[in-house]
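>>> Turn this into a model:
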Amino acid sequence: MSALIVLGVLLAIIVVLALWAAGIYNSLVALRNRFKNAFAQIDVQLKRRYDLIPNLVEVAKGYMKHESTTLENVIRARNIALAASQAAAANPADASAMKSLVSAESGLGGALSRLMVVSEQYPDLKANQNMMQLTEELTSTENKIAFARQAYNDSVMTYNTTREVFPNVIFAGMFGFLPAELFHIEEPTERNAPKVSFT
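Sure, this is the predicted structure:
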């Protein structure tokens, strides 16, 4: 009889531990899905920006015939950022893909800034209605990206904190929950959105 009681107590302890581990696993899955969804919101805005950039370059091309290198650099940086964004969107939990995206976005931001500085030398371009509309849309998109990035970083912080606390860290390692990478700009000079105003 006492052997049955001991067996019952051991079985109850095993069941409680299994339910506890399942609870930790489920919370980590929910948090991982939350930051992946938050990245999807960034991805939507990045795609919008990537779609605006060729139009911006086309409008500028008509006025900036002697600045072909600047325009080509913007398109090249846009294509690199688009490829990095697609890789990150495929798996936002991949830290190296996120680092590549951050680097590509920094390059694109620099190329766009140079385009805007050069375009300041062309008053007719600044007055062009299409250019003004595109830069306004680009500015709006940049603001949306910043808000989406903040939401993503908040989700990543919650996920990383939850997976790093004890005893979750034990189960996180066993179940393959790796740390997620924040989406932040490395250089302080690159933290500002590209200036796209012609006012």
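
>>> Next SSE downstream of the helix or strand encompassing residue 86?
For residue 86, the element it lies in under DSSP states H and E is helix 68-90. Using DSSP H and E, the helix or strand that follows helix 68-90 towards the C-terminus is helix 95-119.

>>> CA-only coordinates of the helix or strand just after that next one, as PDB, when you get a sec.
Per DSSP H and E, helix 95-119 leads on to helix 123-127 as the next helix or strand towards the C-terminus. Presented in PDB, the C-alpha positions along helix 123-127 are these (Å, rounded to 0.1, in the frame of the first residue of the first chain):
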ATOM      1  CA  PRO A 123      15.100  74.000 -57.500                       C
ATOM      2  CA  ASP A 124      12.900  72.600 -60.300                       C
ATOM      3  CA  LEU A 125      13.100  69.200 -58.800                       C
ATOM      4  CA  LYS A 126      12.200  70.500 -55.400                       C
ATOM      5  CA  ALA A 127       9.100  72.200 -56.900                       C
END
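
>>> outside of helix 123-127, which residues touch it?
59-60, 63-64, 119-120, 131-132, 198 (Cβ atoms under 8 Å, 6 or more residues apart in numbering). C-beta here means a position set from N, CA and C on the backbone, and glycine is covered the same way.

>>> Any of these buried? List them.
59-60, 63-64, 119, 131-132, 198 (16 or more other Cβ atoms under 10 Å).

>>> Okay, and which of the contacts of helix 123-127 map to strands?
In strands, judged by DSSP state E, none of these are found.

>>> Which two of the buried ones among the contacts of helix 123-127 have the greatest separation?
Taking Cβ to Cβ as the measure, these span a maximum distance of 15.7 Å, between 64 and 132.
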